[in-house]
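Q: got a sequence here, can you build the structure:
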Amino acid sequence: MKQNMHNHNLNPASSLKRELSVLNAWALAFGCVIGWSAFVMPGTLFLPNAGPVGTMFAIQIAAFTMLIISYNYTYMIGKFPIAGGEFVYASRAFGKLHGFICSWFLALSYLCVIPLNATAFNLILRILFGDFFSFGYMYSFSGYDIYAGDMIVVAFMLISFAFISFLGARVTGVLQTVMVFILLGGLAVITASAVFLSLYQGTFSLNPMFSPTGDSNHFVQIMAVLVTAPMSYVGFDIVPQLTEETKFPTERVKVIMDASILMGLLVYIVLAFLACAYVPTGYSNWSEYLADLGNLSGVRSLPTLNVSYQVLGRAGICIMACSIFTAMFTGIVGFYMATSRLLYAMAREGILPYWFAYVNQRRMPVNSVVFCFIASCVACLLGRAVLGMIFDMASIGAAIGFAYTSLAAYKFATHEKKTDVRVWGILGFLFSLAFAFLLLVPLPGLNVSLSFNSYVALMVWLTLGIIFYNLSVRENQKFGVFVS
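A: Residues are numbered from 1 along each chain as shown. Okay, here's the model as predicted:
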């Protein structure tokens, strides 16, 4: 491969700056694992499909598979401690075309979280304050009403977080760390209060243990939740994207990733149990309550807020709302960083137009951040219904990233005759392949595959990737760079 890298559009100081501590890196990873969806999925996905016991089994199995996959990431980071993560691993192992395929789909799973968390601000504001911000009806798209007031809130959030991203990795890392501790602190207060009250009143009940409204087969119920694992835990893998900005030895990376996975598992379990622990008056159990969520409004419409109100009243609402808002913050900031670093690395290698690789005086890939901002704004204009479709198929992107990393680890370990890494590599690849297969291929009796609309969104993203790839190839040919 001939590589004659040109530097038009590139700042001479194109390397990123090492400013992130161990705690900062962990906060960024954990903050990406736990976002707005973690507070919503217990009531809309986990419990309705599998009940509390099925959910517990599913998310624990999912965490176990992620720990195996994180082992493969640790091995690959040790070999290639540079920004780009999965793109670099796939490129070095199988060529840059595979690197592009891997990273383009992974970028989707990263990028879609930004507008999802941004628009979630409107949802939580609507729950807390009614339709105060829903003024200036603009249009409806895919059954979802778009209001000017909501878009103003979203635009403010996206601009604010893009600005934070411009300030540098150190500022972003410190802010993320503070927000993560606020998130965990609020959740700890609510959990402790709920446990104390349930022990005092003797009212705590998880019945029914499995979902009475889901498939009657308990295995199928568990699989319905387990298949969400790539998107439930995506975020621990942003650590490789930040490798060039960390100021600690790569040996600590595995501890950081595993800690973010295990802490994420704990939070998912806590939120799932809180969602079914206390039900409003008029419902005999959590199943009846969750089945009626579509007819409810205000605090009752979000089970994790409802339990906060049940145990601590208005103070509980404020505490849980702070945790939810900080979860949105950490999700947006973390994935702004992860997506921009991935795009930056792809451009630096000549696989995307070099515009994406420009860095400012603070050594931040500002153009990549700008792209994330613009793409997020466009996605927000399509409404939550379309964003939900994108989120559903974004699990494919995460699974592809996991699969490529695990297979790359297997390939390099084979050459180096490292049997343990080969075992974890092939296991990680098979788990990732199974997740992707279950999402893509409808199977009789196992209704966990993507909807038709999600397939359409997947094709749109694939088409956009082909366009960008062809543009980069033409640009490389013009400047005498050959991509292989």
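Q: so, low pLDDT: which residues of the stretch 1-150 of the chain?
A: Across the stretch 1-150 of the chain, the ranges flagged by pLDDT under 70 are 1-15.
Q: where exactly do the strands run in this structure?
A: Taking DSSP state E as the test, the strands found in the chain are 137-141, 144-147.
Q: the ones you listed: which one's closest to Val195?
A: strand 144-147 (37.6 Å; CB to CB). For glycine as for every other residue, the C-beta is placed from the backbone atoms N, C-alpha and C.
Q: got the strands of the chain as a markdown table, with mean neighbour count and distance to Gly282 columns?
A: As requested, the strands of the chain are exported to a markdown table (neighbours: other CB atoms under 10 Å; distance: least, CB to CB, whole Å):
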| stretch | mean neighbour count | distance to Gly282 |
| --- | --- | --- |
| strand 137-141 | 12 | 32 |
| strand 144-147 | 16 | 29 |
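Q: can I get those in a markdown table with distance to Ala58?
A: Formatted as a markdown table, the strands of the chain follow (distance: least, CB to CB, whole Å):
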| stretch | distance to Ala58 |
| --- | --- |
| strand 137-141 | 33 |
| strand 144-147 | 29 |
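Q: mind checking which of those is nearest Ile59?
A: Using CB to CB as the measure, strand 144-147 is the one of these that comes nearest Ile59, at 28.8 Å.
Q: now for the closest one, which elements pack on it?
A: strand 137-141, helix 384-416 (3 or more CB pairs under 8 Å, 6 or more residues apart in numbering; DSSP states H and E).
Q: parallel or antiparallel, which strands does the shortest one pair with?
A: Under the criterion DSSP bridges, strand 137-141 sits next to strand 144-147 (antiparallel) in its sheet.
Q: distance from the chain centre to the strand it pairs with, please.
A: 24 Å (CA atoms, centre = their mean, to the nearest Å).
Q: wait, what's in contact with the residue nearest to Phe402 when sequence neighbours are not counted?
A: The spatial neighbour of Phe402 that comes closest, neighbours along the chain excluded (CB to CB, 6 or more residues apart in numbering), is Ser432 at 4.0 Å. Residues in contact with Ser432 (CB atoms under 8 Å, 6 or more residues apart in numbering) are 69, 230, 399-400, 402-403, 406.
Q: tell me the least confident of those residues?
A: For the contacts of Ser432, the weakest pLDDT value sits at Pro230, with 82.
Q: any idea how far it lies from Val441?
A: Relative to Val441, Pro230 is positioned 15 Å away (CB to CB, to the nearest Å).
Q: looking at the two, which one has more neighbours?
A: Neighbour comparison, Pro230 and Val441: the larger count goes to Pro230, with 28 against 11 (by other CB atoms under 10 Å).
Q: for the residue nearest the centre of the chain, which non-adjacent residue is closest in space?
A: Centroid-nearest residue in the chain, with CA atoms, centre = their mean: Val234, separated by 4.6 Å. Spatial nearest neighbour of Val234, chain neighbours left out: Ala398 (4.3 Å); criterion: CB to CB, 6+ apart.
Q: now Ser91
A: Excluding the flanking residues, the one nearest Ser91 by CB to CB, 6+ apart is Gly99, at 3.1 Å.
Q: neighbours of that neighbour, just the number please.
A: Residues near Gly99, counting by other CB under 10 Å, number 26.
Q: how about the one 4 residues further on?
A: Burial of Ser103, expressed as a neighbour count using other CB under 10 Å, amounts to 32.
Q: and the helices and strands packed on strand 144-147 as a markdown table, adding distance to Val171?
A: Shown next, in a markdown table, are the helices and strands packed on strand 144-147 (distance: least, CB to CB, whole Å):
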| stretch | distance to Val171 |
| --- | --- |
| strand 137-141 | 35 |
| helix 384-416 | 27 |
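Q: so for Ile319, which of these sits nearest?
A: Among these, helix 384-416 sits nearest to Ile319 (CB to CB), with 25.5 Å.
Q: so how far is the closest one from its chain's centroid?
A: Taking mean C-alpha positions (CA atoms, centre = their mean), helix 384-416 and its chain are 12 Å apart.
Q: now that helix and strand 137-141, what's the angle there?
A: Counting by axes from the mean of the first three to the mean of the last three CA atoms, to 10 degrees, helix 384-416 lies at 50 degrees to strand 137-141.
Q: which parts of helix 384-416 are buried?
A: 384, 386-413 (16 or more other CB atoms under 10 Å).
Q: so where's the stretch 201-350 of the chain uncertain?
A: Judged by pLDDT under 70, the stretches of the stretch 201-350 of the chain that qualify are 202-204.
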